[in-house]
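*Asks:* no sequence on this one, just coordinates:
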């Protein structure tokens with residue numbers, strides 16, 4: 001009998017399981033798919049024809065969060081990262097190349113001949129504010145999140161006169177923040193596109209913090225796992241197994257049993273698994289506790305049922321489409337070395353604003369934002385000699401206005417996205433073999449409503465102490481021994497492992513694991529680190545203001 005059962009082997013479920021197992025608990029992870037990873041999905045084509053990265057691409061978050069180091073993924077479990085200074089490239093249709101280097105001074109030198117001195121100096125000033133603001137926000141990631149009221153009170157206490165502008169930035173839209181700072185729409189486009197990673201239009205309230213993110217990353221190289229994204233989840237599985245835990249694939253969970261107000265067992269694949277101490281769900285709260293969910297409705301308090309009805313995904317009708325291909329030749333990309341970069345081509349900020357408006361209406365955008373990368377540039381083994389591999393992603397409607405997705409629509413949308421990528425790069429990209437992954441296929445892979453990789457929308461009413469709802473924001477549920485993790489909990493989506501780590505810490509405090517002294521010491525270290533990071537961010541923000 002395992003001590004803890006984790007539902008879902010996406011990266012957050014695995015991270016949570018690793019922390020629990022390393023604390024001395026016997027952990028079983030149940031996964032519906034035949035492979036681990038969820039939104040991470042690297043596939044080999046038959047007969048040596050190549051390798052495709054169907055899902056998530058960049059993994060700097062799990063390295064920057066400290067989770068990779070905590071779990072010794074690099075030092076003990078075989079994970080290796082390609083670190084690069086060419087962070088992001090924003091290719092525009094007019095031939096402009098908005099290049100973001102790891103080094104700020106290098107970035108300024110790359111920007112100056114493209115956008116001019118005034119815009120370049122505006123970007124220099126903006127990075128100071130963005131870095132300080134993101135440091136302050138990042139200090140909130142290490143535990144159950146504050147409410148907006150608590151955040152505002154803390155900002156007032158630490159920032160004084162700077163608290164107002166800081167809160168206004170977080171609560172406002174990325175478009176407002178960027179348009180108040182810059183004039184060149186091509187420069188604003190990659191930063192707005194970065195804010196839109198969460199499938200939110202940069203015009204939406206609450207995306208202002210996202211508009212700071214790209215400019216805040218100077219000083220940290222981009223990181224991509226050697227061998228593809230699956231290398232991260234494979235290392236997590238090795239970590240789990242080394243600590244005595246295990247994963248059961250093809251084990252779709254059918255129900256979670258509750259007895260005497262406590263979660264006691266999970267039924268999956270026709271088998272009943274009893275949990276001695278607790279159950280952690282890495283799938284979203286609605287699928288766990290909502291109507292038709294894994295927990296029978298009589299065990300869910302009425303107040304929580306009302307909260308669950310307010311949790312939403314898909315109201316903006318946004319989903320994603322992936323086009324992965326073996327191509328006939330490596331790309332020619334300038335500036336030199338930026339073929340290694342993760343590319344965000346929205347063309348202009350107005351284009352990405354219009355694109356989201358079109359998608360909401362169920363239409364393909366005329367000029368959609370496209371994300372482009374070439375994993376084969378970083379290492380061999382992705383394509384036969386002389387060829388390369390391309391990774392392209394774009395936003396599409398979850399529900400097209402002219403009816404459900406079918407093969408014809410998918411292929412037409414893929415052709416459109418591919419043509420936009422060629423226009424942005426200023427060159428044809430010859431396809432040898434390609435695979436299209438649309439919204440319906442993503443639901444089959446990970447089960448998230450509306451194929452949302454963030455489980456629920458990253459809208460302002462579902463952030464911080466509201467994620468996924470006020471009663472569930474602390475990774476606990478009202479049912480004893482039942483916990484939540486995953487992208488639907490704080491701080492949300494991305495390959496960071498932070499939701500998994502936070503949930504494991506809450507679960508360990510509730511059900512035990514490791515010595516009491518060790519848990520007390522760990523909490524003391526976390527509080528000290530939080531205070532230290534917040535103080536550093538506060539000082540930097542005051543200097544930036």
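*Replies:* Structure received. No experiment lies behind these values; they were computed from the predicted model shown. Numbering: from 1, shown residues only.
*Asks:* Can you get me a residue count around residue 380?
*Replies:* 7 (other C-beta atoms under 10 Å). Any C-beta I mention is one placed from the backbone N, CA and C, and that applies to glycine too.
*Asks:* Quick check: the gap between it and residue 391.
*Replies:* Here residue 380 is placed at a distance of 17 Å from residue 391 (C-beta to C-beta, to the nearest Å).
*Asks:* what's the answer for residue 485, then?
*Replies:* From residue 485 over to residue 391 the distance is 27 Å, taken as C-beta to C-beta.
*Asks:* and those two? which has more neighbours close in?
*Replies:* Legend: neighbour count by other C-beta under 10 Å for residue 485 and residue 391, higher for residue 485 (30 against 21).
*Asks:* hang on, the more buried one packs against residue 10?
*Replies:* No. Counting by C-beta atoms under 8 Å, residue 485 stays clear of residue 10, with 9.3 Å between them.
*Asks:* Now list whatever residues contact both of those two.
*Replies:* Residues touching both residue 485 and residue 10 by C-beta atoms under 8 Å, 6 or more residues apart in numbering: residue 282.
*Asks:* which residues does the nearest residue to residue 8 once chain neighbours are set aside contact?
*Replies:* Excluding its sequence neighbours, the residue lying closest to residue 8 (C-beta to C-beta, 6 or more residues apart in numbering) is residue 282, at 3.4 Å. Contacts for residue 282 were tallied using C-beta under 8 Å, 6+ apart; they are 6-10, 12-13, 16, 485-486, 500.
*Asks:* Please apply the same query to residue 327.
*Replies:* Residue 327 makes contact with 383, 387-390, 429-432, according to C-beta under 8 Å, 6+ apart.
*Asks:* If we use 10 Å, what do you get?
*Replies:* 50, 374, 376, 383, 387-390, 428-434 (C-beta atoms under 10 Å, 6 or more residues apart in numbering).
*Asks:* do residue 483 as well
*Replies:* When contacts are counted by C-beta under 10 Å, 6+ apart, residue 483 touches 4, 6, 16, 263, 278-282, 472, 474-477, 489, 503-504, 506-507, 510-511.
*Asks:* Give me the subset of the residues you listed that lies in strands.
*Replies:* Counting by DSSP state E, these place 4, 6, 263, 278-281 in strands.
*Asks:* Closest one to residue 234 out of the residues you listed, please.
*Replies:* Set against residue 234, the nearest of the ones in strands among the contacts of residue 483 by C-beta to C-beta is residue 6 (17.0 Å).
*Asks:* Between all of the contacts of residue 327, which two are separated the most?
*Replies:* The two members of those with the most space between them (C-beta to C-beta) are 50 and 428, at 19.1 Å.
*Asks:* Tell me which of these two has more neighbours.
*Replies:* Legend: neighbour count by other C-beta under 10 Å for residue 50 and residue 428, higher for residue 50 (23 against 12).
*Asks:* State the distance from the more buried one to residue 328.
*Replies:* Relative to residue 328, residue 50 is positioned 12 Å away (C-beta to C-beta).
*Asks:* Quick check: neighbours shared by those two?
*Replies:* Both residue 50 and residue 328 are contacted by 383, 387-388, 432, under the criterion C-beta under 10 Å, 6+ apart.
*Asks:* Of those, which belong to strands?
*Replies:* Going by DSSP E, the strands hold 388, 432 from the shared contacts of residue 50 and residue 328.
*Asks:* Let me have the shared contacts of residue 50 and residue 328 in a markdown table, adding pLDDT, neighbour count and distance to residue 177 as columns.
*Replies:* As requested, these are exported to a markdown table (pLDDT from 0 to 100; neighbours: other C-beta atoms under 10 Å; distance: C-beta to C-beta, whole Å):
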| residue | pLDDT | neighbour count | distance to residue 177 |
| --- | --- | --- | --- |
| 383 | 96 | 27 | 40 |
| 387 | 97 | 18 | 41 |
| 388 | 98 | 22 | 36 |
| 432 | 97 | 16 | 42 |
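*Asks:* my hunch is that residue 99 is in a strand, does that hold up?
*Replies:* Yes. Looking at residue 99 with DSSP: H, G, I helix; E, B strand; the rest coil, it is inside a strand.
*Asks:* what's across from it in the sheet?
*Replies:* Counting by DSSP bridges, residue 99 is bridged to residue 89.
*Asks:* can you map out the strands along the stretch 251-400 of the chain?
*Replies:* Taking DSSP state E, counting those that start in this stretch, the strands of the stretch 251-400 of the chain run over residues 253-259, 262-268, 271-274, 278-281, 318-327, 342-345, 370-373, 388-397.
*Asks:* Distance from the last one to the middle of the chain?
*Replies:* In terms of C-alpha atoms, centre = their mean, to the nearest Å, the centre of strand 388-397 is set 16 Å apart from its chain centre.
*Asks:* Check which helices and strands that strand is in contact with.
*Replies:* Packed against strand 388-397 by the contact rule (3 or more C-beta pairs under 10 Å, 6 or more residues apart in numbering; DSSP states H and E) you find strand 51-53, strand 318-327, strand 342-345, helix 349-360, strand 370-373, helix 407-425, strand 431-437.
*Asks:* quick one: low-confidence ranges for the stretch 151-300 of the chain?
*Replies:* Scanning the stretch 151-300 of the chain for pLDDT under 70 picks out 158-159.
*Asks:* should've said the chain
*Replies:* Across the chain, the ranges flagged by pLDDT under 70 are 158-159, 514-545.
*Asks:* per-domain residue ranges of it.
*Replies:* Domain assignment for the chain, taken from automatic domain parsing, gives 4-80+227-313+454-528, 81-142+163-221, 314-446.
*Asks:* buried sites along stretch 64-81?
*Replies:* Neighbour counts over stretch 64-81 (16 or more other C-beta atoms under 10 Å) mark 64-68, 71, 73, 77, 79, 81 as buried.
*Asks:* swap that for stretch 479-489, sorry
*Replies:* So for stretch 479-489, counting by 16+ other C-beta under 10 Å, buried means 479, 481-489.
*Asks:* wait, residue 322 sits on residue 441?
*Replies:* Yes. Contact criterion C-beta atoms under 10 Å: residue 322 and residue 441 qualify, at 8.8 Å.
*Asks:* out of the two, which sits in the busier spot?
*Replies:* Per other C-beta under 10 Å, whichever of residue 322 and residue 441 has more neighbours is residue 322, with 22 against 16.
*Asks:* mind listing what that one touches?
*Replies:* By C-beta under 10 Å, 6+ apart, the residues touching residue 322 are 41, 52-55, 371, 391-394, 414, 417, 435-438, 441-442.
*Asks:* got it, and residue 433?
*Replies:* 45, 49-50, 52, 324-327, 383, 387, 389.
*Asks:* which among those gets closest to residue 494?
*Replies:* For the contacts of residue 433, the closest approach to residue 494 (C-beta to C-beta) belongs to residue 324, at 20.3 Å.
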